[in-house]
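Visitor: Make a model of this:
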Amino acid sequence: MNDQTPPEPSGGRCPVAHGDGATRLYGPEASTDPHGIYARLRKEHGTVAPVLLEGDVPAWLVLGYRENRRVLDNPLQFSRDSRIWRDFAEGRVEPTSPLMQMVGWRPDCVSQDGEPHRRLRGAVTDNIYAVAGRGIRRHATHFANKLIDAFAVSGRADLVEDFAEYLPMLVLTRVFGLAEREGRSLAESSSLVLKGGADALTHNDRIMAILGELAARKRDEPGSDFTTGLIEHQAGLDEDEIVNHLRLVLITAHTMTSNVLARVLQMVLTDTSWLSGLVSGQLTLASVVEEVMWNQPPLTVLPGRFATADLELGGCPVKEGDLLVLGLAAGNHDPEIRPDPEVSVQGNASHLAFSAGPHECPAQNIGQAIIETAVDVLIHRLPGLRLAVPPAELTSTASTWESKLDHLPVEFAV
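Guide: Okay, the predicted model is just below:
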């Protein structure tokens, strides 16, 4: 990586976030070619660009790797607390906006900074570490085999729809103490919350209702699960804090793990050198995951940070209360740190996929364990596993926040 500070963009213009000419991060073009939008914005504006989110809500999109790190590493300048968001405080964003499911304030650790954040994050991380030692790989093996059993005799499958889309949530139902039957519908609701649109609020309410019932049941019937751990933690979380942290971990862990698993499977099936390296033991799955994290991070854009004062970022005049969204995919492809994106990044874990700073994702080991187990089970259960269509036919659909592989059709021996 190049350690020199990148020059300010020359020839670009950087209007204020509320000015005319901002690019929409939603709509037809954004759903099919988000990277094309990032490249155009970088050319026009440099490392920070004015954009419009769903409902034409203005924000700054941070495109540069170093600028992303500055925002993520400095909560005193860039707070996660949306109660200082000027557009919402002044009534330009309605409480019912689909954006609120992603950027609105909640009584959870990602919505707060300082001591409140440390208290709540401690409860989450303590229980994640405890759960990680209680059979994550065993649960992943059980559910991976169960999903494979449903299509193994056919010789064909779609590894997105039939496998990656649901496996992480099924594991999480076991971790949380939920009934397995909730897994598929919770996975679908989580995806629709991330997708945004008119249904986001409905599906978020559904998730909250299920988790509220779970928390009430676990107060009466405690167990060795993540939910009970939050309830009994010494941080003394109240009912709203417990349910909102269950929501946070459920949606985030499922979404990130599902997306990465699909992309890892895509990589090993479209490039035979990756698959043969895994089968022969010459390549570790961690190396494949690392490559995916750089090139196709599970969240392409991370919501959101709010400027605590007037300041300059990437040559742009960010005002107090402005919303910033973090371009994780754009930052990972910043030509200032990756002048040749075709060069492998194996051994370099400094990608932005897990965020960074005080709010860095604490559940990385759980996701890694599920992915490693899932790929291992698939390779050993399905002899002759191969892609059923040319790689060029694989497509993705993006929302503001993520880019999901649509399908991954495969064939295998029966």
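Visitor: which stretches of the stretch 251-400 of the chain form strands?
Guide: Using DSSP state E, counting those that start in this stretch, the strands assigned to the stretch 251-400 of the chain run over residues 301-307, 311-313, 316-318, 323-327, 386-387, 396-398.
Visitor: Sketch out the helices for the stretch 1-150 of the chain, chain order is fine.
Guide: In the stretch 1-150 of the chain, the helices defined using DSSP state H, counting those that start in this stretch lie at 28-32, 34-45, 65-73, 86-89, 100-103, 114-132, 136-149.
Visitor: how much space between residue 233 and residue 106?
Guide: Per C-beta to C-beta, to the nearest Å, residue 233 is found 18 Å from residue 106. Backbone N, C-alpha and C define where each C-beta goes, glycine included.
Visitor: Same question for residue 27.
Guide: 27 Å.
Visitor: Look at the two and report which has more neighbours.
Guide: residue 106 (18 against 12; other C-beta atoms under 10 Å).
Visitor: The more buried one reaches residue 243, doesn't it?
Guide: No - contact criterion C-beta atoms under 8 Å: residue 106 and residue 243 do not qualify, at 9.7 Å.
Visitor: Give me the residue at the spatial middle of the chain.
Guide: Residue closest to the average C-alpha location in the chain (C-alpha atoms, centre = their mean): residue 299, at 3.6 Å.
Visitor: That one contacts residue 402, correct?
Guide: Yes - the pair residue 299 / residue 402 is scored as a contact, 5.5 Å apart, by C-beta under 8 Å.
Visitor: Now list whatever residues contact both of the two.
Guide: 255, 259 (C-beta atoms under 8 Å, 6 or more residues apart in numbering).
Visitor: Helices of the stretch 301-414 of the chain, start to end?
Guide: Residue ranges of the helices in the stretch 301-414 of the chain, as given by DSSP H, counting those that start in this stretch, are 328-332, 364-381.
Visitor: so which of those helices comes closest to residue 176?
Guide: Closest to residue 176 of these, according to C-beta to C-beta: helix 364-381, at 12.0 Å.
Visitor: gap between the closest one and the chain center?
Guide: The chain centre lies 18 Å from the centre of helix 364-381; the measure is C-alpha atoms, centre = their mean, to the nearest Å.
Visitor: by how many degrees do that helix and helix 136-149 diverge?
Guide: For helix 364-381 against helix 136-149, the angle by axes from the mean of the first three to the mean of the last three C-alpha atoms, to 10 degrees is 40 degrees.
Visitor: Use 32 as the first number for this chain going forward.
Guide: Understood, numbering begins at 32; the last thing we discussed is helix 395-412.
Visitor: Going by contacts, tell me the helices and strands next to helix 395-412.
Guide: helix 145-163, helix 167-180, helix 198-207, helix 270-301, helix 303-311, helix 316-326 (3 or more C-beta pairs under 8 Å, 6 or more residues apart in numbering; DSSP states H and E).
Visitor: Same question for the last one: list its buried residues.
Guide: The reference is to helix 316-326. By neighbour count on 16 or more other C-beta atoms under 10 Å, the buried set for helix 316-326 is 316, 319, 320, 321, 322, 323, 324, 325, 326.
Visitor: got it, and the fifth one?
Guide: Counting neighbours by 16+ other C-beta under 10 Å, one finds that the buried residues in helix 303-311 are 305, 306, 308, 309.
Visitor: I'd like these as TSV, with distance to residue 155 and pLDDT appended.
Guide: Conversion of these to TSV gives the following (distance: C-beta to C-beta, whole Å; pLDDT from 0 to 100):
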residue	distance to residue 155	pLDDT
305	33	83
306	35	79
308	35	82
309	32	81
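Visitor: Tabulate those (JSON lines), appending distance to residue 336.
Guide: Formatted as JSON lines, the buried residues of helix 303-311 follow (distance: C-beta to C-beta, whole Å):
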{"residue": "305", "distance to residue 336": "35"}
{"residue": "306", "distance to residue 336": "39"}
{"residue": "308", "distance to residue 336": "39"}
{"residue": "309", "distance to residue 336": "37"}
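Visitor: Out of those residues, flag the one nearest to residue 198.
Guide: Among the buried residues of helix 303-311, residue 309 lies closest to residue 198 (C-beta to C-beta), at 18.1 Å.
Visitor: who touches that closest one in this structure?
Guide: By C-beta under 8 Å, 6+ apart, residue 309 lies in contact with 299, 315, 316, 319, 406, 410.
Visitor: at 10 Å instead, please
Guide: 295, 299, 315, 316, 318, 319, 406, 407, 410 (C-beta atoms under 10 Å, 6 or more residues apart in numbering).
Visitor: how close does it sit to residue 407?
Guide: 9 Å.
Visitor: what is in contact with these two at once?
Guide: residue 316.
Visitor: for the stretch 132-281 of the chain, which spans come out with low pLDDT?
Guide: The stretch 132-281 of the chain contains residues with pLDDT under 70 at 164.
Visitor: switch the cut-off to 50
Guide: For the stretch 132-281 of the chain, no stretch is flagged by pLDDT under 50.
Visitor: State the distance from the closest residue to residue 202 other than its chain neighbours to residue 194.
Guide: Excluding its sequence neighbours, the residue lying closest to residue 202 (C-beta to C-beta, 6 or more residues apart in numbering) is residue 170, at 4.8 Å. Going from residue 170 to residue 194 by C-beta to C-beta gives 15 Å.
Visitor: and the residue in the chain sticking out farthest from the centre, what does it touch?
Guide: What lies farthest from the middle of the chain is residue 445; by C-alpha atoms, centre = their mean that is 34.9 Å. When contacts are counted by C-beta under 10 Å, 6+ apart, residue 445 touches 183, 184, 185, 186, 187, 413, 414, 415.
Visitor: Which strand residues bridge residue 441?
Guide: residue 188, residue 418 (DSSP bridges).
Visitor: Count the neighbours of it for me.
Guide: Close neighbours of residue 441, defined as other C-beta under 10 Å, add up to 23.
Visitor: need the contact list for it.
Guide: Counted by C-beta under 10 Å, 6+ apart, residue 441 has contacts 182, 186-190, 193-194, 296, 300, 409, 413, 415-420.
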